[in-house]
Structure formats: C-alpha cells, structure tokens
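The sequence and its predicted three-dimensional model are supplied below.
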Amino acid sequence: MQVSPIPGAGEFRTLAGFAGDEQMFVGSINQSSFSASGFWGSGEGLSSFADAYSSRDASLFHSIGNSGVSFSGAAFDLYPFGLHWTAGGSLIEADDAPDRTSWFLGVRSGQAGAQVFQVDRPDGVAAHALALNLNLPLGQLHATHVAAPDQAGLSIIGWQTGLGALGQLAVQFRHGESTRYVDGAYQRWMVSLSGRFGHPRGMLANQGDEDQSGIAHTALLAAAAVGIALVASSGSDSTDSRSRFSSQTDAAYNVVNGINPTSVAQNLEYGGWVYRNADATFSAGEPKKGTVDKVNLGSPLNVPSGTTTTASYHTHGAFDPIYDSEHFSIMDVTMNNNWGVDGYLGTPAGYLKYHHYVTGIITTVRTIAN
C-alpha cells in the first residue's frame, strides 16, 4: 500500500508478506533523498522469507531450531550519487534461546549490490556474513558467505538466467564446514529449471531486480538479516560452541573415549548424559566425577534447553577384583529402564558397550582409549 497525504510531501508505504505460519510487516516513510522503515514479524524455525538457508546449513553453526521466532527492527535508506544505501538492525527473539541482534548494511546500483551482516549475542559477536549480486548480460550472479568465530562457515554461489517463455535456469554450489561438526561438512551442486505463471517477479524476488521498490528491498535485507541470525547463532555461546555428532553413538564415543583414561588412572567413575539437539544432531554433557563404585548423573531433565536426553554414559574406573567392571551392573540397566534412555559404558579394558533399553540387548560397539 502506498499513501501520499499531501501533494509534494513524503509517502507512507506498507508491505506485508506471508509464508505458511510466518508473517512479516514493513512500514516506511519516504522522502526524495531518504526513507525510514520499521519492520516486525514472527514465524517458526528458519525464515521462509530468506530461504537460502536450510537445516543442514544450521547444523554447521548451532543446535537450536528456534521455533517460535519473533523479530522487529528499523532501517534507514539514503540515495546519494545514484546509489541506494540501506542500514539497519533487527532484534531476534526465540523460545528457549537468548536474544540476538542482527545488523545489516547494503548498497546497490542498477547492475550490482552488496550487503554485509553482523550477528551479536549477549556475550559477543556470533557471526559475519557478506552477500554480492551482479546483473550480467547472461544472467544474475549471487554469492554469499557466512562465518562464525569458531571456524564454522557456509559459502553459496549461484547463477540464474531467464529462458524466455520456458522459464528460468539456475545453478547453485554450496560448501559448508565446521570444526565442531566434522561429519557435517558437505558440498552440493544444484541445477533447477522453473516455469513462470503471470508476472515473472514478485516484490520479494531477487535482490538484483532493477524494478524493485525501496520498501521491498528493505524487506529483503531485513528477512536476510533474520535468516542469517537464525542459521548462524542460537544466541548462546555455550550452545553455539557445543560439539555435535550425526549419531548418538558418535557423541557417546567422543566423550567416553576422552574421559576413560582419566577414569582408569584415578579408579573413579565418570558419567553424564547424551542428548538430541533440535537439528537432529547429538551432543554429550561434560562428565561428572564420581566415586570408585558410582557416579550421580542427576536428572535426565538437566540438559540444555531445547534438547532431549536419549542416553546415559559412564565409566567403571580401573580393574578391581571387587567389581565386575567390564559389564553393566544390574543397577545400571535398571536406571536406564526407569529413565527410558539407552546406556553407554566405558570399561577398563577399553571397550564401549551399549545397552538398548527397549530390547534389553547389550552389545560392544567400539574400542576406546584406556
């Protein structure tokens, strides 16, 4: 909607976008040399208004899916020397996660555009991002790179061109890697051919569109800022820096393999919980120190917010003639059954044993350090 109450005065414009359960609203006051905008919205999970990112990308950076997201912010636009500059910020709030702030700065001309983003959480910077767009004779070129301080990164390069009445051809290459999610690194090529019905471009089409109005450009930047914040940070350093694994057993092996030599040397038990993150990866809590014959794991509910406990883990210290250290005790199995979780045991001989509480079957799944 566009309103100009007084001839020659500024205009007031509004824009609304809806995608599934998500909604976004933008309002702006426009003068010939500048404009000021406010925006707000809500949704579930990753933003459909900035659909360049997937849950696979999110697993490189953090482990909270952020359902129940709401955001609000403001932006200012200037138009010096034939360029369109946009600067703004957005506060992102989500269930079971600290707030984040996503700042953005963009500049565009008729043939090119660039945007930079910074995501802040309460304890510091969570991520930076850079995006470039070029209108070329043979199509549009897009490139995006998102990086977190702990060496998690995502790069996307794409090219698309119109094929007349046939539709649009697009090619995209993605590369993601993380030092905290080593088995999550991936590379992917994607080629797509899409048809058109009616007008080929909506107001929230590609950022490089020359006919795009200022308010739609601001909406795109705001949506991208929210999308990057959701992908690149949970809002918590303790969550963002948590190591994650593709399987429950991998998470248990990593923590038990690390603590078992200490357990054997001290002849003390150590233990903790393995839990599933919201992005379907698994993590393990820090080992708690016990005594020669037991360790108090606490409640299985004492895991990070937004996660679900799936297994216990513990070690049995050193060889001791008083105890059967190479096997789960009756109490170990009983507690797993009462909690409704699987169990992992690190033994003095260097074996990782697994108790599947549903079937009651116990197997040796790995060898570990001792």
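Happy to help now that I have it.

only C-alpha atoms for contact and neighbour calcs from this point on.
Noted.

can you pull out the strands in the stretch 1-150 of the chain?
Per DSSP state E, counting those that start in this stretch, the stretch 1-150 of the chain carries strands over the ranges 2-3, 11-19, 22-30, 34-43, 69-78, 84-94, 97-108, 112-121, 124-136, 139-147.

out of those, which comes closest to residue 289?
Closest approach to residue 289 among the strands of the stretch 1-150 of the chain is made by strand 97-108 (28.6 Å; CA to CA).

and the strands of the stretch 1-150 of the chain as JSON lines, adding distance to residue 228?
Below are those laid out as JSON lines (distance: least, CA to CA, whole Å):
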{"stretch": "strand 2-3", "distance to residue 228": "29"}
{"stretch": "strand 11-19", "distance to residue 228": "18"}
{"stretch": "strand 22-30", "distance to residue 228": "16"}
{"stretch": "strand 34-43", "distance to residue 228": "15"}
{"stretch": "strand 69-78", "distance to residue 228": "13"}
{"stretch": "strand 84-94", "distance to residue 228": "11"}
{"stretch": "strand 97-108", "distance to residue 228": "8"}
{"stretch": "strand 112-121", "distance to residue 228": "8"}
{"stretch": "strand 124-136", "distance to residue 228": "8"}
{"stretch": "strand 139-147", "distance to residue 228": "8"}
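
As JSON lines, those strands with mean neighbour count would be great.
Shown next, in JSON lines, are the strands of the stretch 1-150 of the chain (neighbours: other CA atoms under 10 Å):
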{"stretch": "strand 2-3", "mean neighbour count": "12"}
{"stretch": "strand 11-19", "mean neighbour count": "15"}
{"stretch": "strand 22-30", "mean neighbour count": "20"}
{"stretch": "strand 34-43", "mean neighbour count": "20"}
{"stretch": "strand 69-78", "mean neighbour count": "21"}
{"stretch": "strand 84-94", "mean neighbour count": "22"}
{"stretch": "strand 97-108", "mean neighbour count": "21"}
{"stretch": "strand 112-121", "mean neighbour count": "22"}
{"stretch": "strand 124-136", "mean neighbour count": "20"}
{"stretch": "strand 139-147", "mean neighbour count": "19"}
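
By mean pLDDT, show me the worst of those strands.
For these, the weakest mean pLDDT is recorded on strand 2-3, namely a mean of 60.

related to what we said a few turns ago, mind checking which of the strands of the stretch 1-150 of the chain is nearest residue 274?
Closest among the strands of the stretch 1-150 of the chain, using CA to CA: strand 97-108, at 19.9 Å.

just so I have it, where are all the helices in the stretch 251-370 of the chain?
330-339 (DSSP state H, counting those that start in this stretch).

between the strands of the stretch 1-150 of the chain, which one is nearest to residue 217?
strand 84-94 (8.8 Å).

The closest one pairs with which strands, parallel or anti?
strand 69-78 (antiparallel), strand 97-108 (antiparallel) (DSSP bridges).

pull the CA atoms of the shortest one into PDB?
I take that to be strand 69-78. These are the backbone C-alpha positions of strand 69-78, laid out as PDB (Å, rounded to 0.1, in the frame of the first residue of the first chain):
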ATOM      1  CA  VAL A  69      10.700 -16.800  16.400                       C
ATOM      2  CA  SER A  70       9.700 -13.100  16.600                       C
ATOM      3  CA  PHE A  71      11.700 -10.200  15.300                       C
ATOM      4  CA  SER A  72      11.500  -6.400  15.000                       C
ATOM      5  CA  GLY A  73      13.800  -3.700  13.700                       C
ATOM      6  CA  ALA A  74      14.300  -0.500  11.800                       C
ATOM      7  CA  ALA A  75      16.200   0.600   8.700                       C
ATOM      8  CA  PHE A  76      17.300   3.900   7.000                       C
ATOM      9  CA  ASP A  77      17.800   4.400   3.300                       C
ATOM     10  CA  LEU A  78      19.800   7.100   1.500                       C
END
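
sorry, back to before: would you format the strands paired with strand 84-94 as CSV with distance to residue 369 included?
Shown next, in CSV, are those (distance: least, CA to CA, whole Å):
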stretch, distance to residue 369
strand 69-78, 43
strand 97-108, 36
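
Select, out of the ones you listed, the one closest to residue 61.
Closest to residue 61 of those, according to CA to CA: strand 97-108, at 14.4 Å.

OK, contacts around the residue nearest to residue 222 when sequence neighbours are not counted?
For residue 222, ignoring the flanking residues on the chain, the nearest one in space by CA to CA, 6 or more residues apart in numbering is residue 90 at 7.3 Å. Applying CA atoms under 8 Å, 6 or more residues apart in numbering to residue 90 gives the contacts 71-74, 101-103, 222, 225-226.

Can you tell me which of the residues you listed is nearest residue 40?
The nearest member of those to residue 40, counting by CA to CA, is residue 72 at 4.0 Å.
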